[in-house]
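Coordinates for the following, if possible.
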Amino acid sequence: MIKAVIFDMDGVLIDSEIIYLDHMYEKLKLKYPQINREALFAVVGSTTKRTMEIISDVIGEDVNSHTFQELYAGLWADCRPDYPSILRKEVPEILKELHRRGYQVALASSTSRAGIEDVLTSCGLKGDFDYIVSGEEFKESKPNPEIYLHTADTLKREPKECLVVEDSTYGIMAGHGAGMTVASIIDNRFGFDRSLADYSINGLFEVLDLLDELNNR
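Below is the predicted model of the structure:
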C-alpha cells in the first residue's frame, strides 16, 4: 500500500526548469558566445554544486577561480521568476485531495532551503506538506537516494510505502535507488532518461488514478 507521496519541486510543481535554463544560457553567451544551449541540459535537476561543475566544464573556467565564482554569483542576481504564474494549475487541488484521502505529502527538492521557501510562500503552499526537505541538507543530493530515504524515515514509512513524483534523470535515479515507486512527469524538452521510472504520467492529476491502481491490486 502506498501511504505517502513525495514530490520534487522544480519541473514537477512549478514549470521552472526552462526559465532557469534560458536565463543561464542568455547570460553566459554574452561572455561565451560559443557555448551550446544543449550542453547546459545536464544542470536540470542537479544541485548547486553540480550545476557549478557543469557550467565550469561548458565554459572552460576553473570552478574554484575568482573569475568563475564572481560569474556564477552574478548569473542569478536578476533571475526572479514569477512563481505563481508557473505553478501547475492543478497543484493546490491535488495536494488538498491527497490529504483528504489520508496520504502523507512531502516535498524533497535539490533546490536550496531558501529557494523552496520562496516558491512555497509566494504560491501559498507552505501549509500543504507534512514534511519539506532540501538537498543542501545532505552531503550528496540526487541522484543519491539519501534525500528520499530520509524523508521516508521522517514520515515513519517504509520506502515501499512511498510514491515519488519526479521529472529529471537525477530525481528518477534517486527515487529508484531508494526502493520507492517512481512516477515521472513526461517532459521531452531536456532529454531526460525515464527508463528507471515505474510509471510515466502526463500531468499531476494522473497521480490520483495511479494511487487507486497501486492500492487496489
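
Show me the shaky parts of this protein.
The model of the chain has no residue with pLDDT under 70.

And the strands in it, which stretches?
4-7, 104-109, 131-134, 162-166, 181-185, 199-201 (DSSP state E).

quick one, which of those strands is packed in tightest?
strand 162-166 (a mean of 27; mean count of other CB atoms under 10 Å). In short, each C-beta sits where N, CA and C put it, glycine included.

picking up where we left off before, I'd like to know which of the strands of the chain is closest to residue 15.
strand 181-185 (9.9 Å; CB to CB).

what's the closest one in contact with?
2, 11-12, 160, 162-167, 172, 175-176, 192, 194, 196-204, 206-207, 210, 214 (CB atoms under 8 Å, 6 or more residues apart in numbering).

List the neighbouring strands of that strand plus their orientation.
strand 162-166 (parallel), strand 199-201 (parallel) (DSSP bridges).

Ok, which of those strands comes nearest residue 120?
Residue 120 lies closest to strand 162-166 among the strands paired with strand 181-185, at 16.0 Å (CB to CB).

Show me which residues of the biggest helix by length in the chain are buried.
What stands out as the longest helix in the chain, according to DSSP state H, is helix 17-31. Under the neighbour-count criterion of 16 or more other CB atoms under 10 Å, helix 17-31 has 17, 19-21, 23-25, 27-28 buried.

Equivalent analysis for stretch 116-132, please.
Residues of stretch 116-132 classed as buried: 116, 119-120, 122-123, 125, 128-132 (neighbour count, 16+ other CB under 10 Å).

How far does that stretch stretch from one end to the other?
Using CA to CA, to the nearest Å, the span of stretch 116-132 from its first residue to its last is 9 Å.

Please list the outside residues in contact with it.
With CB under 8 Å, 6+ apart as the test, stretch 116-132 has contacts from 9, 13-14, 83-84, 87, 91-92, 95-96, 99, 104-107, 109, 111, 134, 151, 154-155.

Go again with 7 Å.
Contacting residues not belonging to stretch 116-132 are listed as 9, 14, 83-84, 87, 95, 104-107, 109, 134, 151, 154-155 [CB atoms under 7 Å, 6 or more residues apart in numbering].

what do you get for stretch 37-54?
Contacts of stretch 37-54 (CB under 7 Å, 6+ apart): 11, 17, 21, 24-25, 55, 58, 63, 72, 110, 112, 135, 141-142, 168-171, 190-191.

Buried ones only from these, please, as a ChimeraX command.
Per 16+ other CB under 10 Å, the buried members of these correspond to this ChimeraX selection:
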select :11,17,21,24,25,55,58,72,110,135,141,142,168,169,170,171,190
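
Take the contacts of stretch 37-54 and keep only those in helices.
Residues from the contacts of stretch 37-54 lying in helices, with DSSP H as the criterion: 17, 21, 24-25, 55, 58, 72, 169-171.

Same list (those residues) but as TSV, adding distance to residue 40.
Converted to TSV, those look like this (distance: CB to CB, whole Å):
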residue	distance to residue 40
17	11
21	6
24	6
25	6
55	7
58	6
72	13
169	14
170	15
171	18
